[in-house]
Each structure stands twice: as C-alpha cells, then as structure tokens.
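**Student:** Dropping a prediction and its sequence here:
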Amino acid sequence: MSLFKKRDREAIQYDPNTQQPAVRKSICTGEMTAGFIDRETGRFRDIMRLDGQKDLEAFCRSVGVSVEEIKTIY
C-alpha cells in the first residue's frame, strides 16, 4: 500500500486552432517531452517530461486526443 495517492492530471487547456499536441523525442537518449506546436511559428512549447507509455496516455487524456493523433518530432 502506497503512502502517496496518485492524482489524476487535470485537463490541459490549449487552443486547437493555433496549437497542435506533440511529443518531442531525442534520437540519442530516447527522452520524450510532451507539449504543443504553435501552428503559425512552428515553435514547440514543453509541458511535461514523459517516462513511458503510461505518461503519454495520461497526456493524451488530459488534452483530449488519442495516442494516434499525437505528432512526433525527432
């Protein structure tokens, strides 16, 4: 039994008209970072570090998209 309760992540607010959910992966280390791409400038804004598939699924639930819809940047 854990002493700490895992809190569900709250919904992350973003504008789907100007931002696209994405994951940035490092080719060298495999580190993954979730965030949003600005559709006008193409800049990536970091939101959270992902430690695995469960974190990716949690990010997708919090932004309201499926894992297949997430764009991956290398």
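**Tutor:** Received, thanks.
**Student:** Report the contact partners of residue 24.
**Tutor:** Residue 24 makes contacts with 32-33, 35, 44, 46, 72-74, as judged by CB atoms under 8 Å, 6 or more residues apart in numbering. (Glycine included, C-beta is placed from N, CA and C.)
**Student:** middle-most residue in this protein, spatially?
**Tutor:** Central residue of the chain (CA atoms, centre = their mean): residue 34, 2.9 Å from the mean position.
**Student:** Next one: that residue relative to residue 25, how far apart?
**Tutor:** 10 Å (CB to CB, to the nearest Å).
**Student:** so what's in contact with these two at the same time?
**Tutor:** Shared contacts of residue 34 and residue 25 (CB under 8 Å, 6+ apart): none.
**Student:** any idea where the helices of the chain begin and end?
**Tutor:** Along the chain, counting by DSSP state H, helices occupy 53-63.
**Student:** Show me where it dips below the pLDDT cut-off.
**Tutor:** Confidence mapping of the chain against pLDDT under 70 gives the ranges 1-10.
**Student:** quick one: the strands in it?
**Tutor:** With DSSP state E as the criterion, the chain has strands at 19-25, 32-38, 44-50, 71-73.
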